[in-house]
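> Test case, fold it:
(chains A and B)
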2 protein chains.
Amino acid sequence: MKALECEPVGIVEREEGLEHKEGKEEIFSYDDFLRSKEAKISIFEKYCEALEGIRKGTLIWVIWYAHLVKDRPLKVHPFKDPKMPELGVFATRSPARPCPIGLSLCYVVSVDGCELKVKGLDAVDGTPVIDLKLYSRGLDDPREVLALARG
Amino acid sequence: MKALECEPVGIVEREEGLEHKEGKEEIFSYDDFLRSKEAKISIFEKYCEALEGIRKGTLIWVIWYAHLVKDRPLKVHPFKDPKMPELGVFATRSPARPCPIGLSLCYVVSVDGCELKVKGLDAVDGTPVIDLKLYSRGLDDPREVLALARG
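Numbers count the residues shown, from 1 in each chain, chains lettered A, B, ... in the order given. You can find the predicted model right below:
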């Protein structure tokens, strides 16, 4: 099957760079650090109109492309912890995966023209954003899909 | 910015084809119909090992590529209802969007070798799957991101 193509719709711009990763040994510390900090997403002008309806307080999925990922392992240690037995990467949230797509549920802090400020994003500065989607309780809440599975 | 490439990791195989779409005028009827039916995802053999750890009862995100989408509008009528005012496509879940990525929370009914059976998938037969990810309450529950936003 041939590769699928997707043009980025925007880019992550934030002040915390990769340097924070160095020297961090605590499990998850880096991702949590990024998630807790406000990040800017600049949507390219040609896609800006697609933001209409997103405003402060909206919950959105930010779908991004982990452009810095070089390895694409099939198995990883969960939480990057070498003491944990390896698991298939589809059963984890590691960004190093066959198709390195990141999924972050974000709170919109502000919208100003083509620029969003969000909290909850664990993508680093310079990451291409390929999609934004409204959070939907009917589609994204486990209780809904569990009810569907039982039905 | 140049287009990003992603090789599909599997394909949706299901009996309900596109013919169910014809003649359906009820809002959302088609997507809900698909979500309620069990669907098979065949993971390509080279990626099969990445499934380890996914089993019956696991909740996963299925990320797929809406290959049948031709239009990529910036604004759409929510719920495909022409009576509703148009909204930016990023503020909706329409599959017709600049980068036509679909996101479905699914319940795993069974895993047999490289084949998963799931409920909750609203992708049609033949849809390329580009990623599977474990559902994580810490990352994917709105309460968590709202607490982070307040923090």
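> Does the lowest-mean-pLDDT helix or strand in chain A reach chain B?
Least confident helix or strand, chain A: helix A:29-36 with a mean of 77, by mean pLDDT, DSSP states H and E. Yes - looking at helix A:29-36 against chain B by Cβ under 8 Å from any Cβ of the partner chain, the contacts come from A:35-36. In this view, the C-beta of every residue, glycine as well, is placed from N, C-alpha and C.
> Kindly format the C-alpha coordinates of that helix as CSV.
What follows is helix A:29-36, C-alpha atoms only, in CSV (Å, rounded to 0.1, in the frame of the first residue of the first chain):
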residue,chain,number,x,y,z
SER,A,29,8.7,14.3,33.4
TYR,A,30,9.4,15.8,30.0
ASP,A,31,6.0,15.2,28.5
ASP,A,32,4.2,16.4,31.6
PHE,A,33,6.4,19.5,31.7
LEU,A,34,5.3,20.4,28.1
ARG,A,35,1.7,19.6,28.8
SER,A,36,1.6,21.9,31.7
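> which residue ranges form the strands in chain A?
A:4-6, A:10-13, A:39-43, A:59-65, A:75-76, A:87-88, A:101-112, A:115-119, A:128-134 (DSSP state E).
> export the ones you listed to JSON lines and tack on mean pLDDT?
Output for these, formatted as JSON lines (pLDDT from 0 to 100):
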{"stretch": "strand A:4-6", "mean pLDDT": "87"}
{"stretch": "strand A:10-13", "mean pLDDT": "96"}
{"stretch": "strand A:39-43", "mean pLDDT": "97"}
{"stretch": "strand A:59-65", "mean pLDDT": "97"}
{"stretch": "strand A:75-76", "mean pLDDT": "94"}
{"stretch": "strand A:87-88", "mean pLDDT": "96"}
{"stretch": "strand A:101-112", "mean pLDDT": "97"}
{"stretch": "strand A:115-119", "mean pLDDT": "98"}
{"stretch": "strand A:128-134", "mean pLDDT": "97"}
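> A:Leu4: what's it in contact with?
Counting by Cβ atoms under 8 Å, 6 or more residues apart in numbering or on different chains, A:Leu4 makes contact with B:5-8, B:65, B:67, B:128, B:130.
> Dump the strands of chain A into a markdown table; add distance to A:Val145 as well.
What follows is the strands of chain A, written out as a markdown table (distance: least, Cβ to Cβ, whole Å):
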| stretch | distance to A:Val145 |
| --- | --- |
| strand A:4-6 | 25 |
| strand A:10-13 | 29 |
| strand A:39-43 | 28 |
| strand A:59-65 | 15 |
| strand A:75-76 | 25 |
| strand A:87-88 | 21 |
| strand A:101-112 | 16 |
| strand A:115-119 | 25 |
| strand A:128-134 | 16 |
